[in-house]
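> For reference, the sequence and a predicted model appear below.
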Amino acid sequence: MVSEAVPCLPSLRYPVGEHGRGHRFLTVSRLSTLAMSGKRALTAIRQARAHVRELVWALAGRVMMYGASGGGMSFVEIGRAGIAEIEYSYFSIGEMQDPGFEPVETQVDFSTPEPVIVVPGQIVVVSRVRTHRAPVVLAAAAEGEEPVPGDGWQMVATKSYAPVYAGRMFACDTMNGPASPAPEPVEVFGQRINPGEPAIDLDSSRVYRVQVWARGREDSRERHEEAMEREEWGASEGFEAYAVAFTPQRKQEPPVPRNEDRLRERFARQRAEEDEIARLLAGQ
């Protein structure tokens, strides 16, 4: 279960007057046994993930996918198909804040005309439709690969992303955290991706090229407006779908959790502040 520490509800700054007053959603990490374990917990999680991967590769061999071009594509991992609840014309791919890491506070300025905006800890994709539901598939390609999503998919943008935590990436709703499983499979990267958790694990010691493709985006706004003119108020699906591939490009120093003693001090200060607020409220 994904905790409160998934930064899918980022601190955002909308253009003045476009979506009303700007909103801030602070990532809050609560005091817990897991968080207090710091680096030990993170090491155990990474070891468990590595062990599962080794078992999968041993049973199935290296997975080869084939795109519309006919060339072989090798993937480290392809997440399940999720569906993002899009509001205010955007959704994000957020990196989970693992226990022990200090939260990275970010603001996304939507005044830029870019369709894909990258800030530490998240990748924001700007949709052409204000409110709807869009299937999303994440994939981690092998080094040196050129992923091809297949027929009907168009490139939206190519960006660079450097993990700031341990590299666990989730497709996220605009407002509600990690996206839910899609209602049906998605055909992409030469195969049928079944519904499930739209998440992948990146190597936090690498910087990735991020390629974002879309299907239906070229006329999604026009089709949505036509549906509204026909008074099809419940129309929310079938306008856009997204595929996002991460390909390792170069190395970086992997992010590391903060010192456990400093982490305990921060939680102690946070708890003291909460207790003080509770005391003042009780005295009113």
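Looks like it arrived, so ask away. Residues are numbered from 1 along each chain as shown.

> any low-confidence regions in the chain?
Within the chain, the stretches with pLDDT under 70 are 1-47, 49-72, 259-267, 284.

> Secondary structure element for the spatially most central residue of it, which one?
Residue closest to the mean C-alpha point of the chain, counted by C-alpha atoms, centre = their mean, is residue 93 at 2.1 Å. Using DSSP states H and E, residue 93 sits in strand 90-95.

> Give me the buried positions along that strand.
Within strand 90-95, the residues scored as buried using 16 or more other C-beta atoms under 10 Å are 90-95. Heads up, the C-betas are built off the backbone N, CA and C, glycines and all.

> can you redo the residues you listed as CSV with distance to residue 112?
Output for these, formatted as CSV (distance: C-beta to C-beta, whole Å):
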residue, distance to residue 112
90, 12
91, 16
92, 15
93, 17
94, 19
95, 21
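
> if I look at residue 91, how far off is residue 102?
25 Å (C-beta to C-beta, to the nearest Å).

> now residue 220
Distance from residue 220 to residue 102, by C-beta to C-beta: 38 Å.

> higher neighbour count, the two?
Taking neighbours as other C-beta atoms under 10 Å, residue 220 and residue 102 compare with residue 220 leading, 20 against 15.

> wait, isn't the more buried one in contact with residue 128?
Yes - applying C-beta atoms under 8 Å as the test, residue 220 and residue 128 come out as touching, 4.8 Å apart.

> just so I have it, where are all the helices in this protein?
For the chain, helices defined by DSSP state H occupy the ranges 33-37, 39-60, 220-229, 260-282.

> Name the residues of the third one that are buried.
Applying a neighbour-count criterion of 16+ other C-beta under 10 Å, one finds 220-221, 223-224, 227 buried in helix 220-229.

> closest to residue 143 among those residues?
Distances from residue 143 to these, taken as C-beta to C-beta, are shortest for residue 220 (33.1 Å).

> Spatially, which residue comes closest to the closest one, not counting chain neighbours?
residue 239 (4.2 Å; C-beta to C-beta, 6 or more residues apart in numbering).
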